[in-house]
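Engineer: Sequence and predicted structure, then a few things I'm wondering about:
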Amino acid sequence: MKKTEQSIQRCVTISTVQKILGGKWKIEILYYIGIQNIHRFGELRRHIGDITESSLTKQLRELEADGFINRYDFKEVPPHVEYTLTPLGESFMSVLEVIKQWGDLNLK
């Protein structure tokens, strides 16, 4: 019975992570902010390419609400907003690097 309880807990953990980071663009957004050092909305949109402004805005807001990124508004005209990783977001970068390495090796 103990193995079953552990398996259920693992599924809940994976399921929770998937719900938080399961948006179509979230992992890619975190990659650009955390690994490519891209912090501005327009730069993110250009690098991602196919994303709409509304989708990028929604994904950024969700990542901020879930504690992965910070949003800093410089209160300027034209608008100047930058995104940075929180400590939680920083802690995910090692996972993201392993995912990228795995993809580079196996998804050619």
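Structural biologist: Structure's in. What do you need?

Engineer: make it CA atoms for all contacts and neighbour counts henceforth
Structural biologist: Fine.

Engineer: center of this structure - which residue?
Structural biologist: residue 30 (3.4 Å; C-alpha atoms, centre = their mean).

Engineer: phi, psi of the closest residue to residue 64 other than its chain neighbours?
Structural biologist: Leaving aside its sequence neighbours, residue 64 sits nearest to residue 70 (C-alpha to C-alpha, 6 or more residues apart in numbering; 5.8 Å). Taking degrees, to the nearest 10, you get phi -110, psi 150 for the backbone angles of residue 70.

Engineer: since we're on residue 70, how many residues are nearby?
Structural biologist: 18 (other C-alpha atoms under 10 Å).

Engineer: which residues of the chain score low on pLDDT?
Structural biologist: 1-10 (pLDDT under 70).

Engineer: quick one, what contacts residue 45?
Structural biologist: Shown in contact with residue 45 (C-alpha atoms under 8 Å, 6 or more residues apart in numbering): 51-53, 56.

Engineer: Just name the closest of those to residue 19, please.
Structural biologist: Each of the contacts of residue 45 was checked against residue 19 using C-alpha to C-alpha; the closest is residue 56, at 17.2 Å.

Engineer: Whichever strand or helix holds that closest one - contacts with which helices or strands?
Structural biologist: Element membership of residue 56, judged by DSSP states H and E, is helix 53-65. For helix 53-65, the packing partners by 3 or more C-alpha pairs under 8 Å, 6 or more residues apart in numbering; DSSP states H and E come out as helix 26-34, strand 69-73.

Engineer: and the angle from that helix to helix 26-34?
Structural biologist: If you take axes from the mean of the first three to the mean of the last three C-alpha atoms, to 10 degrees, helix 53-65 sits at 80 degrees to helix 26-34.

Engineer: chain center to helix 53-65, what's the gap?
Structural biologist: Remark: helix 53-65 is offset 10 Å from the chain centroid, using C-alpha atoms, centre = their mean, to the nearest Å.

Engineer: ok, now stretch 23-32?
Structural biologist: 4 Å.
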